[in-house]
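> this one's structure only:
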Ligand code: NAD
């Protein structure tokens, strides 16, 4: 059923996600603080509003896709003073679990069903409509949101109560950050031992070292042609975004009293990588730092070995 949707935050992810909702036949009114994002939205069938509250005015559903927890709490505080009870609120930003729960509490006090529904799949997935959504909230709120999430993504999971979507997101990305560093260290060691990258890949990809960081996103050029290593480590998934997620995991671990020593180490290594000026590179580019410098001259020859 076609709905009227307010969409707040039309950046790299929100812009194409809102465009996919419009393509699916919904009426979408969008708002962003940046004029260039509003121009791009106009060209994608989105009506542009003059403020977040104007975008939400008369909407059945409001979606937010903002940088961090403080932005979400600020926008939801304003929304929850204005939207009628019953308006469905969805936040798809990646934020800390506490901010997500705070946003849920604001919505509940207003009588609005709400879900936290962060995504994985990056800007490519946002454009293609193939994102994975991890949702937290009541079964009723989830069942209302699910058809809209399916218009923007391929896989949609209900992970549990308020904040469970954010919890799933940061736990998954902590696995990813740690496993990528493990795969990078193995290739850096293999190189020093004179092992060809292809030989290491052939063995590990069908052995107990197998993981997504190796077989789908290999951090050296050659074995997985589509991985950013073959494209000068252009993102992909920027190292600064990986650092953001690892920090969220560390803050959640401290609050919950969970021991995550490898997550802490991964956060420190990505913080160093960013401090060295590589935050805009793909996160698999950390192999160059772990080698102790830039790629060795043998890189291209080994890639074709
Ligand atoms: P972005 O910076 O491109 O977009 C965020 C947008 O929010 C910006 O255009 C900004 O102007 C706007 N904004 C900020 N405050 C606002 C306000 N008060 N009202 C209206 N607009 C406001 O970021 P992005 O890459 O689109 O990421 C958005 C979220 O999705 C982040 O939480 C990020 O961690 C998460 N995420 C990003 C990726 C990715 O690959 N880019 C992947 C998964 C999740």
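Yep, it's here. Since the structure is predicted, the reported quantities are computational estimates derived from the model, not experimental observations.
> What residue spans form the domains of the protein?
In terms of domains, the chain is parsed into 4-161, 167-304 (source: automatic domain parsing).
> mind checking which of those is nearest the ligand?
Nearest to the ligand among the domains of the chain is domain 4-161; the distance by CB to the nearest ligand atom comes to 1.9 Å. Bear in mind the C-beta positions are built from the backbone N, C-alpha and C, glycine included.
> Could you confirm whether that closest one reaches the ligand?
Yes: residues of domain 4-161 contacting the ligand under CB under 6 Å from any ligand atom: 8-14, 31-34, 37, 52, 65-67, 71, 75, 93-94, 119-120, 122-123.
> now that domain, how far from the chain's geometric center?
Relative to its chain's centre, domain 4-161 lies at 14 Å (CA atoms, centre = their mean, to the nearest Å).
> Highest mean neighbour count out of the domains of the chain?
domain 4-161 (a mean of 20; mean count of other CB atoms under 10 Å).
> What average pLDDT does the helix or strand where residue 183 lies get?
Residue 183 belongs to helix 164-192 when assigned by DSSP states H and E. Mean pLDDT, taken over the full extent of helix 164-192, equals 98.
> Does that helix reach the ligand?
No: legend: contact between helix 164-192 and the ligand by CB under 6 Å from any ligand atom is lacking; minimum distance shown is 7.9 Å.
> elements contacting the following helix or strand past that helix?
Per DSSP H and E, helix 164-192 leads on to helix 197-204 as the next helix or strand towards the C-terminus. If contacts are counted by 3 or more CB pairs under 8 Å, 6 or more residues apart in numbering; DSSP states H and E, helix 197-204 sits against helix 164-192.
> could you give the angle of the helix it packs on to helix 197-204?
130 degrees (axes from the mean of the first three to the mean of the last three CA atoms, to 10 degrees).
> quick check, residue 90 in a strand?
Yes: looking at residue 90 with DSSP: H, G, I helix; E, B strand; the rest coil, it is inside a strand.
> for the nearest residue to it once chain neighbours are set aside, phi and psi?
Nearest residue to residue 90, sequence neighbours excluded (CB to CB, 6 or more residues apart in numbering): residue 63, at 4.7 Å. Dihedral pair for residue 63: phi -110, psi 140, per degrees, to the nearest 10.
> returning to what we had before: in strands, which of the residues of domain 4-161 next to the ligand fall?
8, 31, 119, 120 (DSSP state E).
> And the furthest pair within these?
For those, the maximum inter-member distance is 24.8 Å, found between 31 and 120 (CB to CB).
> picking that back up, least reliable of the domains of the chain going by mean pLDDT?
Here the domains of the chain differ in mean pLDDT, and the lowest is domain 167-304 at a mean of 92.
> roughly how far is the helix holding residue 183 from the heart of the chain?
With CA atoms, centre = their mean as the basis, helix 164-192 stands 15 Å off its chain's centre.
> let's number from 24 now, not from 1
Okay, using 24 as the starting number, the last item reads as helix 187-215.
> which residue ranges form the strands in the chain?
Going by DSSP E, the chain shows strands at 27-31, 50-54, 70-71, 84-87, 111-114, 137-139, 142-143, 154-159, 176-183.
> Minimum distance to residue 256: which of these has it?
strand 142-143 (19.7 Å).
> Direction included, what does the closest one pair against?
strand 154-159 (antiparallel) (DSSP bridges).
> between the strand it pairs with and strand 176-183, how big is the angle?
20 degrees.
> outside of strand 154-159, which residues touch it?
Here strand 154-159 makes contact (CB atoms under 8 Å, 6 or more residues apart in numbering) with 40, 115, 123, 127, 138-144, 148, 165, 168, 172, 175-192, 195.
> cool, and stretch 189-200?
117-120, 123, 139, 141-143, 157, 159, 180, 182-183, 235-236, 265, 268-269, 271-272, 275, 283, 286, 289-290, 293, 306.
> Then stretch 34-53?
Here stretch 34-53 has contacts from 25-31, 33, 55, 57, 60-61, 63-64, 67-72, 77-78, 80, 82, 86, 88-90, 115, 142, 146, 149-150, 152, 154, 171, 174-175, using CB under 8 Å, 6+ apart.
> quick one: stretch 244-259 near the ligand?
No: Stretch 244-259 stays clear of the ligand (CB under 6 Å from any ligand atom), getting no nearer than 7.6 Å.
> Ends of that stretch, what's the gap?
One end of stretch 244-259 sits 14 Å from the other (CA to CA, to the nearest Å).
> Spatially central, which residue of the protein would that be?
The centroid of the chain falls nearest to residue 143 when counting by CA atoms, centre = their mean (4.5 Å).
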